[in-house]
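**Student:** Quick check, what structure comes out for this input:
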Amino acid sequence: MMLIVFHGENASSFSPGFAGLLDVDAKIAVLPDELSSEADRRTYAAADVIVGTKYSGTLPTPAKLSLFHVPGAGYDAVDLEALPASAAVCNCFGHEQAIAEYVMAALLARHVPLADADSRLRQGDWRYWAGAAERVHDELAGRTIGLLGFGHIGKAIATRAKAFEMTVHVANRSPVVASPLLDRSFLLNDLGGFWESADFIVVSVPLTDGTAGIVGAEAFKAMKPSAVVFNVGRGPTIDEAALYEALTAGRIAGAVIDTWYQYPKPGENGVLPSRLPFHELTNVVMTPHMSGWTHGTIRRRQKTIADNILRGVRGEPLVNVVRQRA
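**Tutor:** Numbers count the residues shown, from 1 in each chain. Predicted structure coming up:
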């Protein structure tokens, strides 16, 4: 019987109903982030498949592991060298629809002041009433959105931006094939024109040695003073101090930040997402890494993980392979 271990709070979210996606004889175990008991450590070490967001040499060695599956896109917390060579490592996506909706919701919230109009009218204030120039609000059509990264998330955002008649600029590590979704493209080694071209810049590149701090002080100096920056990728892709300075100095108009610089440990409360007081600023929208966390994301990722387990059983090629097994 195959043993499938879901390790940690994040991974355990994908365990309900998972057995129903398999047609093989399997036992499913759900383990906490901290493997404090000897029984939990033995179970982890005996796994054939582990679904988890992190791995290091401090965890038990799963000697017969055939698949380590990250239930998300980012695998920067997985020490690939420490995992047994017998294990393939895969990740999954399925979050791009949700993140694209988050970005569009944040864009629309800045341009269509529904909440403020509602609050004012309940007090008899007709601030946004049509008919006077000083009461107009803005729209997205004709604005330029710059997508730093054009993977699953960037493509999903571009599709929705085009539906709103926006101009789409893309900056990507490799050249991007021309398509109706794009109006202009840049490479990551030539970003000067990209920064200054966009009204909104959405960062969705993965965190690597080459992308850490890719949005820094020089980038903010090149942006329009009216620009708004979004981070839905990884926090450190935007330089923390440079972002704070750009917001406090008014170098840019604002930011919408969903991915951060420090996170609470399991069971820890009251943790602010940065060492700097972003929470005191009025020109930043702060959310707790929630943009891709929807029922749809969980269902799509469950299917990817289950499909890869079944592919492994049948000896078929896996999808979304980060590292092949030896």
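
**Student:** who does the strand or helix carrying V89 touch, helix- and strand-wise?
**Tutor:** V89 is part of strand 88-90 when elements are defined by DSSP states H and E. Where contact means 3 or more CB pairs under 8 Å, 6 or more residues apart in numbering; DSSP states H and E, strand 88-90 is packed against strand 67-69, strand 321-323. Glycine gets a C-beta too; all of them are placed from N, C-alpha and C.

**Student:** avg pLDDT for the first one?
**Tutor:** Averaging pLDDT along strand 67-69 gives 98.

**Student:** same deal with the last one?
**Tutor:** For strand 321-323, the mean pLDDT works out to 97.

**Student:** which neighbours does that strand have in its sheet, and in what orientation?
**Tutor:** Each strand that pairs with strand 321-323, with its direction, by DSSP bridges: strand 88-90 (antiparallel).

**Student:** next SSE after the strand it pairs with?
**Tutor:** Downstream of strand 88-90, the next assigned helix or strand under DSSP H and E is helix 96-111.

**Student:** From the chain's centroid, how far away is that following helix?
**Tutor:** 13 Å (CA atoms, centre = their mean, to the nearest Å).

**Student:** residues making contact with the helix or strand just after it?
**Tutor:** Counting by DSSP H and E, the next helix or strand C-terminal to helix 96-111 is helix 114-121. Defining contact as CB atoms under 8 Å, 6 or more residues apart in numbering, one finds that helix 114-121 is touched by 109, 126-128.

**Student:** quick one: which of the residues you listed is nearest to A141?
**Tutor:** Nearest to A141 among those: A109, at 16.2 Å, using CB to CB.

**Student:** what's the closest one in contact with, if anything?
**Tutor:** Counting by CB under 8 Å, 6+ apart, the residues that A109 touches are 115, 285.

**Student:** Can you tell me how far it is from R251?
**Tutor:** A109 sits 22 Å away from R251, going by CB to CB, to the nearest Å.

**Student:** Going by neighbour count, list what's buried in stretch 263-274.
**Tutor:** By neighbour count with 16 or more other CB atoms under 10 Å, stretch 263-274 contains the buried residues 273-274.

**Student:** distance between the ends of it?
**Tutor:** End-to-end distance for stretch 263-274: 8 Å, by CA to CA, to the nearest Å.

**Student:** Mean confidence (pLDDT) on it, please.
**Tutor:** The pLDDT scores in stretch 263-274 average 91.

**Student:** For burial, what's the neighbour tally of the closest residue to Y55 other than its chain neighbours?
**Tutor:** Closest residue to Y55 apart from its sequence neighbours, by CB to CB, 6 or more residues apart in numbering: V78 at 4.8 Å. A count of neighbours around V78, defined by other CB atoms under 10 Å, yields 20.

**Student:** Please name the bridge partners of the closest residue to I305 other than its chain neighbours.
**Tutor:** Take I305 and drop its neighbours on the chain: the residue closest to it by CB to CB, 6+ apart is H69, 5.0 Å away. With DSSP bridges as the criterion, H69 is bridged to V51, C90.

**Student:** give me every residue that touches H69.
**Tutor:** Applying CB under 8 Å, 6+ apart, the residues contacting H69 are 49-52, 89-92, 305, 308-309.

**Student:** mind putting the helices and strands packed on strand 88-90 in TSV, distance to S15 included?
**Tutor:** Converted to TSV, the helices and strands packed on strand 88-90 look like this (distance: least, CB to CB, whole Å):
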stretch	distance to S15
strand 67-69	12
strand 321-323	21
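
**Student:** Highest mean neighbour count out of the ones you listed?
**Tutor:** Mean neighbour count (mean count of other CB atoms under 10 Å) peaks for strand 67-69 among the helices and strands packed on strand 88-90, with a mean of 26.

**Student:** rewinding a little: quick one: which of the helices and strands packed on strand 88-90 is nearest P175?
**Tutor:** strand 321-323 (23.2 Å).

**Student:** Now tell me what touches the closest one from outside.
**Tutor:** With contacts defined as CB under 8 Å, 6+ apart, strand 321-323 is touched by 70, 75, 78, 80, 83, 88-91.

**Student:** Please repeat the previous calculation with a cut-off of 6 Å.
**Tutor:** For strand 321-323, contacts defined as CB atoms under 6 Å, 6 or more residues apart in numbering pick out 75, 80, 89-91.
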